[in-house]
Structures are given as C-alpha cells and as structure tokens.
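S.K.: build me a model:
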Amino acid sequence: MVQRKRKTTFPCGHRGQGRECQRCLQEAREAQAQAEAAANRLQEKDEWEACFEMDIVDLRGLPKHILKKARQVIQSLDNGQDYRFFKGKQMRVNSQLVRIPFSNDYRLIVKYSGREFSMLEVLSHEDYNKKYGKNQRRVG
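M.R.: Next comes the predicted model:
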C-alpha cells in the first residue's frame, strides 16, 4: 500500500503539502501584479497630463484621434503650411478668424494676420455654433 503524504498546517492557518503555503504565495503574486499595474496606470496618467503642458491651446477633453490631428495641424501651421491645405475657411463674422475642421464634430479657430497664426481654441461643433453661429454678434 502506498502511503499518502500528510497535510501540514502552515503558520498562516492554511493546510497543504510542501514547505510553503501555495495559496499565500499565489495571493502575494496577485497583489504584487495589481500594485505594479496601479503604478503603471498612475505613471501613464502623469505622462498624459504632462503632454498637455507643451500645447499652445488647451486640448484637454478631446478624443485621442482629434487630439492627434489637432497637434499635427498646429505643428504644420507653425511650420508655414497654408490653412487652406486643411480645408480652412475665413469666417464671415471676422475675416481675420479662420476655422479649420478636424471632423464633423470639432473645429480649430485661428487668428490669421498676413503670415502669422495665433491659435485661439479648439471647439466642439455645438460650442462653435453657440459662439460663432449666424445669429451671434460680430466678434473682434
């Protein structure tokens, strides 16, 4: 007859075979993995917030694909690219203001004088209509 190994009671109170409690080891590994994941999330969040400090206009709250496109357009305008390349149009309310669409939902408003651009703001389509809609008074 084969003798079975005896289960021992570990200092943690669990019972099992071997020198160490496998259940406690597994829980410790899971806790360490969760702590590392939380630290990574915190670091990514800090890096994400730090990337907004270098922007000319406030781009917080935009979807990632719009954020990426906004940074590309702003960089290109700073490098001397014409606003018409991005389907930009002068606004009727003020001819110095130019709107550049990013999608159907977001617009970049730029003040254009000669060859100088000054980025004003990135607006959602709703905010753009409220601020620069047909029934609004002239800005400028």
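S.K.: CA only for contacts and neighbour counts going forward, please
M.R.: OK.
S.K.: where does pLDDT dip in the chain?
M.R.: 1-2, 134-140 (pLDDT under 70).
S.K.: domains in it, by residue range?
M.R.: Structurally, the chain divides into domains by automatic domain parsing as follows: 22-51, 64-132.
S.K.: mean neighbour count, those domains: which tops it?
M.R.: domain 64-132 (a mean of 16; mean count of other Cα atoms under 10 Å).
S.K.: could you tell me the end-to-end distance of that domain?
M.R.: Domain 64-132 has an end-to-end distance of 25 Å (Cα to Cα, to the nearest Å).
S.K.: follow-up on the earlier one: can I get the domains of the chain in a markdown table with distance to residue 58?
M.R.: Shown next, in a markdown table, are those (distance: least, Cα to Cα, whole Å):
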| stretch | distance to residue 58 |
| --- | --- |
| domain 22-51 | 11 |
| domain 64-132 | 7 |
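S.K.: tell me which of those domains sits nearest to residue 7.
M.R.: Residue 7 lies closest to domain 22-51 among the domains of the chain, at 12.7 Å (Cα to Cα).
S.K.: what ranges does the chain have for its helices?
M.R.: Applying DSSP state H to the chain gives helices spanning 22-50, 64-78, 125-132.
S.K.: distance of residue 15 from residue 8?
M.R.: Taken as Cα to Cα, the span from residue 15 to residue 8 is 6 Å.
S.K.: report the contact partners of the closest residue to residue 87 other than its chain neighbours.
M.R.: Distances taken as Cα to Cα, 6 or more residues apart in numbering put residue 100 closest to residue 87, at 6.3 Å, once the chain neighbours are dropped. Applying Cα atoms under 8 Å, 6 or more residues apart in numbering to residue 100 gives the contacts 83, 86, 87, 88, 89, 107, 108, 109, 110.
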